[in-house]
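[1] what follows is a predicted structure for the sequence shown.
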Amino acid sequence: MARNEWINGYLEAILDVGSSTKKRQDGKLQLAKFEMGKVKEDQLFIPTKYFVEEVINSFDESDLHRTWVKVIATRNTRERSNRLENMCWRIWHLARKKKQIAMDDAQRLAKRRIERERGRNDAADDLSELSEGEKEKGDTNISESIKTDMIRINSEMKFWSEDDKPRLLYIILISLHGLVRGENMELGRDSDTGGQVKYVVELARALANTEGIYRVDILTRQITSPEVDSSYGEPIEMLSVPSDGSGSCGAYIIRIPCGPREKYIPKESLWPYIPEFVDGALNHIVNMARALGEEANGGKPTWPYVIHGHYADAGEAAAHLSGALNVPMVLTGHSLGRNKFEQLLKQGRLSREDINATYKILRRIEGEELGLDAAEMVVTSTRQEIEEQWGLYDGFDIKLERKLRVRRRRGVSCLGRYMPRMVVIPPGMDFSYVMTQDTFEGDGDLKSLLSSDISQNKRHLPPIWSEVMRFFTNPHKPTILALSRPDPKKNVTTLLKAFGECQPLRELANLTLILGNRDDIEEMSNSSSLVLTTVLKLIDRYDLYGQVAYPKHHKQSDVPDIYRLAAKTKGVFINPALVEPFGLTLIEAAAYGLPVVATKNGGPVDILKALNNGLLVDPHDQTAIADALLKLVADKNLWSECRKNGLKNIHRFSWPEHCRNYLSHVEHSRNRHPTTRLEITPILEEPMSDSLKDVDDLSLRFSIEGDFKLNGDIDAATRQKKLIEAITQKASPSGNANVTFSPGRRQMLFVIAADCYNNCGDDTGTFQGIIKNVMKAAGLSFGLGRIGFVIVTGSSLQETMEAMKTCPVNIEDFDAIVCNSGSEMYHPWRDTVADVDYEAHVEYRWPGENVRFMAKRLARAEDGVEDDIVEYEGGCSSRCHSYSVKPGAKTRKIDDLRQRLRMRGFRCGFIYTRAASRLNVVPIFASRIQALRYLSVRWGIDLSKMVMFVGEKGDTDYDDLLAGLHKTLILRGSVEYGSEKLLCSQDSFKREDVVPVENPNITFIELNSEAHDISAALQALGIK
């Protein structure tokens, strides 16, 4: 210890002296407690300068371990002292950094906790009192109602209603990231291809085999990268072949292209491409709805029964699809971003900014929040997941959810508030791999493997057995099996330390570590490489050669044989993860008769309670882990009892049981969802007015009876025009000659979405010029009959009509006008009447008047004044609350406002428009981009056939208009002032997490471009 006294003195010198450490005497730096060295000849080493320049400014925590390895390997005392000195600085800096991160995190959590409490109090005040009528309605048979609703869903419950009508349901599952295929799944290849992939594939197969399910589709990303197998580029893969007479189409994997086709993109980088995935998925679902309707539903579209998103990215995609199709949505988180974020902050190794840069964690959390906004039901594996993980989110408050649930049972209004229904449904397991002999004790095959007659006895045994057994000096001993990815969270190194330091356990058992697949450790990701390197070093430290197996490769089909081998040796399975959201491997192990030891953090608590086949341990306690393993290995009676219990209770986790529970809960949730469904407009025959345009046959013209009389004095072109108008007027129910529109004949849509306002939020003349040039370009390139025109704007209908008065284009030339940030839709060819179907489409979960005053109060910053935000009656409607924002007013940004409304149970969309002078509050399913998806479905126009015309900035929903399958022309200089400054705070996710940095569907043109310039830009985008 004496040699290292300089370490304490070094730290004390930094803390106590600070900048005054640079004191010189006779040209030499005086530092009392440690030895000095020279950086260069004739230049003294200055520790403080070195600390600032080399450590603080270029600190990399990963260097810490490498430095320590070098220190140990250094023999020279002086050099080792210098390296220890460097190490000391790094440790001190890390400690200081951790303290600062912990302080910042504590302050952030305290502010959030206060705001959540305010939100809970606001909701409690509104919901505390019932009217007399509500009390009378609610008091009758309350206990009976609660008792009835709380019955546990079990195998005997029927999820179908008792009617004779057969059910042919279409179910959509979305698992976006990773490598998804039905056979030879590459589980453990990377962090994106794990248990979720296996779960979703097996769920699809199980649902397809359930009575009443007609078809199941898994939607995932198509990957054509040379880095992965070509099977991931196949657009369709059949998962299950329906049996004859089953009335089912089976289950399929549908791969949707999105993002760069030639790249395998990790989930952290997929976020900007989700809109493109949504558009592609929407096209597939609409086409499939038509096909299934023709096949089994009398020609009526068969829309999905439910859309189920798995993980945050798929949850966001499912939310958009649910809103576009008005179909119920279900969400399964699998692992949650906010929980991971809090854990990483507690470790103190990375700052908030570093965590977000590495994991895109804030974007992931927003995806999960959006999933909560849209979901009818959230499927969890355990109650712990509900209380300790989902409870961290703005969109879910367990106390408020219980209060709302009670009100619904009583038939009492929830005053516009909503919380998704959380249900616990443990994942199922496919027991078809479990053979009858697996349920009986015996080690006959193992004796064959270990016998001396190799050629006769090993021929029929699984190859993976030999691969594992070759590591062991004494393969007769029981095997302790751990199976996971090489991830630090799986805590394999603690298990290895527990095994290495417990001599009795080492004498009784061997340890098998199945840690994914690897070719070269150095080519793996940093975290995986670090875990595997540490494993090899620990084996060497404890001299565990001959006692630990760590094979490099295994196939997914080998996993059952790995479990069987452990069971044959009367071994134990262990899952020592720091936190395990569920623990599917524990169920798999139990199915093969293996007792288990598992972490006490997370899902294993519920699993072991149901199976009663093992022991729970603290994953941080090496001694507890070793004691639990030793207890099961040494006590054969306890081992046999745990084995027997696991096999007896395993049916609770079968796939048929899971599907029955799942469909029962979905059916219950659908009862609260609107019954209106989209109708697809049939493609009509071409109207006669168009067919006559290029015809000069007088006999055809005069064969049509009408009021029009041919006047020989007018020229042929005018005569043809009048004839067309007469025929059209005759055919129009309202007698309006301008009504010539039929949605089914449009081949493309040109969408004008430029938000052209001055700094006061008033319209500029630029908007009208854009419309004129766009229509002229359309006529030059395609002919006006093929192109439909749509305006999407944050302004009200009245403001839009006023702006159009100075435009040299008739309002009737537009097929649709989408106003108030996507909350309203009008059709000028129908005398500009509102689309009531669209109103019904977006109204679900709209709090209406209940949020009117709350939104105004919360939009105003805490230090703002009363009249900063006032209601703008001219923009208000049944689906939009509109507020004027005073210039210079202190208002909350969109992400802050959305968070506060979520905490109070309100699900709404918020958009600043008209150069931030207006705030629109609209339904959660209403937006400008969702309105276009609605039109795509209704009119049968592929989203890739839409062209968006926007400026370089705009309303706060501007970024949503840029991503997707549609083409975008950005008109430089067309928008002077946008509202982007009020979109999100500095602590939010970055713009590149929303909009792709490089998008081949976007091109730029100058504002003063003529029609032929626009036509050329369209051709450059591939529009011909």
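    Yep, that arrived.
[2] stretch 189-201: end-to-end distance?
    Using CA to CA, to the nearest Å, one end of stretch 189-201 lies 17 Å from the other.
[3] begin at 45, not 1, for the rest of this chat.
    Shifting the count to begin at 45 puts that one at stretch 233-245.
[4] residues touching that stretch, excluding its own?
    With contacts defined as CB atoms under 8 Å, 6 or more residues apart in numbering, stretch 233-245 is touched by 217, 219, 221-226, 229-232, 262, 283, 297, 310-311, 354-355, 378, 471, 529, 531, 560-561, 569, 571, 600, 628-629. Where C-beta positions appear, they are placed from N, C-alpha and C, glycine not excepted.
[5] and if we set it to 6 Å?
    Stretch 233-245 is contacted from outside by 217, 219, 221-224, 226, 229-230, 262, 310-311, 354, 378, 471, 628, using CB atoms under 6 Å, 6 or more residues apart in numbering.
[6] repeat that for stretch 144-152.
    Residues outside stretch 144-152 that contact it (CB under 6 Å, 6+ apart): 389, 392, 395.
[7] list the buried residues in it.
    Buried residues in stretch 144-152, counted by 16 or more other CB atoms under 10 Å: 145, 149.
[8] buried set for stretch 915-926?
    916, 919, 920, 921, 923, 924, 925, 926.
[9] show me the helices in the stretch 895-1044 of the chain, by range?
    Using DSSP state H, counting those that start in this stretch, the helices of the stretch 895-1044 of the chain run over 896-903, 938-947, 972-983.
[10] buried ones among the contacts of stretch 144-152?
    For the contacts of stretch 144-152, buried by 16+ other CB under 10 Å: 389, 392, 395.
[11] can you tell me which residues contact residue 467?
    Per CB under 6 Å, 6+ apart, neighbours of residue 467: 421, 709.
[12] and the gap between it and residue 427?
    Between residue 467 and residue 427 the computed distance is 10 Å (CB to CB, to the nearest Å).
[13] next: residue 826.
    Residue 826 is 59 Å from residue 427, by CB to CB.
[14] check residue 1034 too.
    35 Å.
[15] with residue 447 instead?
    Distance, residue 447 to residue 427, using CB to CB: 19 Å.
[16] who's more crowded, those two?
    It is residue 447, of residue 447 and residue 427, that has more neighbours when counted by other CB atoms under 10 Å, with 19 against 13.
[17] put the alpha carbons of the helix or strand where the more buried one lies into CSV.
    Under the criterion of DSSP states H and E, residue 447 resides in helix 442-454. Taking C-alpha atoms only, helix 442-454 is exported to CSV below (Å, rounded to 0.1, in the frame of the first residue of the first chain):
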residue,chain,number,x,y,z
ILE,A,442,-51.9,3.0,-12.9
LYS,A,443,-54.0,4.9,-10.4
LEU,A,444,-55.8,6.9,-13.1
GLU,A,445,-56.3,3.8,-15.2
ARG,A,446,-58.0,2.0,-12.3
LYS,A,447,-60.3,5.0,-11.7
LEU,A,448,-61.2,5.2,-15.4
ARG,A,449,-61.9,1.4,-15.4
VAL,A,450,-64.3,1.8,-12.5
ARG,A,451,-66.1,4.6,-14.2
ARG,A,452,-66.5,2.5,-17.4
ARG,A,453,-67.9,-0.4,-15.4
ARG,A,454,-70.4,2.0,-13.8
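[18] avg pLDDT for that helix?
    When pLDDT is averaged over helix 442-454, the result is 90.
[19] and the angle from it to helix 938-947?
    50 degrees (axes from the mean of the first three to the mean of the last three CA atoms, to 10 degrees).
[20] how would you label residue 556: helix, strand or coil?
    Following DSSP: H, G, I helix; E, B strand; the rest coil, residue 556 is assigned to strand.
[21] give the bridge partners for it, please.
    In this entry, residue 556 is beta-bridged to residue 525, residue 593, by DSSP bridges.
[22] who are the neighbours in contact with it?
    Here residue 556 is in contact with 512, 523, 525, 593 (CB under 6 Å, 6+ apart).
[23] repeat the analysis, applying 7 Å as the threshold.
    With contacts defined as CB atoms under 7 Å, 6 or more residues apart in numbering, residue 556 is in contact with 512, 523, 524, 525, 593, 610.
[24] pick the one among those closest to residue 1007.
    residue 525 (45.3 Å; CB to CB).
[25] my read: that closest one touches residue 619, true?
    No - Residue 525 lies out of contact with residue 619 (CB atoms under 7 Å); the separation is 10.0 Å.
[26] just give me the closest of the buried residues of stretch 915-926 to residue 939.
    Nearest to residue 939 out of the buried residues of stretch 915-926 is residue 925 (CB to CB; 18.9 Å).
[27] what bridges to the spatially closest residue to the closest one that is not a sequence neighbour?
    When the adjacent residues along the chain are set aside, residue 925 lies closest to residue 965, with 4.3 Å between them (CB to CB, 6 or more residues apart in numbering). Taking DSSP bridges as the rule, residue 965 bridges to residue 925, residue 954.
[28] count of residues packed around residue 965?
    Neighbours of residue 965 (other CB under 10 Å): 28.
[29] report pLDDT for it.
    We have a pLDDT of 97 for residue 965.
[30] ok, it - contacts?
    Counting by CB under 7 Å, 6+ apart, the residues that residue 965 touches are 895, 899, 924, 925, 952, 954.
[31] okay if I get those residues as TSV plus distance to residue 701 and pLDDT?
    As requested, these are exported to TSV (distance: CB to CB, whole Å; pLDDT from 0 to 100):
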residue	distance to residue 701	pLDDT
895	41	94
899	44	94
924	46	96
925	46	96
952	38	95
954	42	96
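[32] can I get the host helix or strand of residue 681 in CSV? Just the C-alpha atoms.
    In the assignment (DSSP H and E), residue 681 maps to helix 680-693. Output in CSV follows, covering the C-alpha atoms of helix 680-693 (Å, rounded to 0.1, in the frame of the first residue of the first chain):
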residue,chain,number,x,y,z
LYS,A,680,-31.6,-35.2,-5.8
ASN,A,681,-35.0,-35.3,-4.1
LEU,A,682,-35.4,-31.5,-4.5
TRP,A,683,-34.2,-31.9,-8.1
SER,A,684,-36.8,-34.5,-8.8
GLU,A,685,-39.6,-32.6,-7.2
CYS,A,686,-38.8,-29.4,-9.2
ARG,A,687,-38.6,-31.4,-12.4
LYS,A,688,-42.0,-33.0,-11.7
ASN,A,689,-43.6,-29.7,-10.8
GLY,A,690,-42.3,-28.1,-14.0
LEU,A,691,-43.6,-30.8,-16.3
LYS,A,692,-47.0,-30.9,-14.5
ASN,A,693,-47.6,-27.1,-14.8
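[33] and that helix, which residues are buried?
    683, 686, 687, 688, 689, 690, 691.
[34] other SSEs contacting that helix?
    Counting contacts by 3 or more CB pairs under 7 Å, 6 or more residues apart in numbering; DSSP states H and E, helix 680-693 packs against helix 648-655, helix 666-678.
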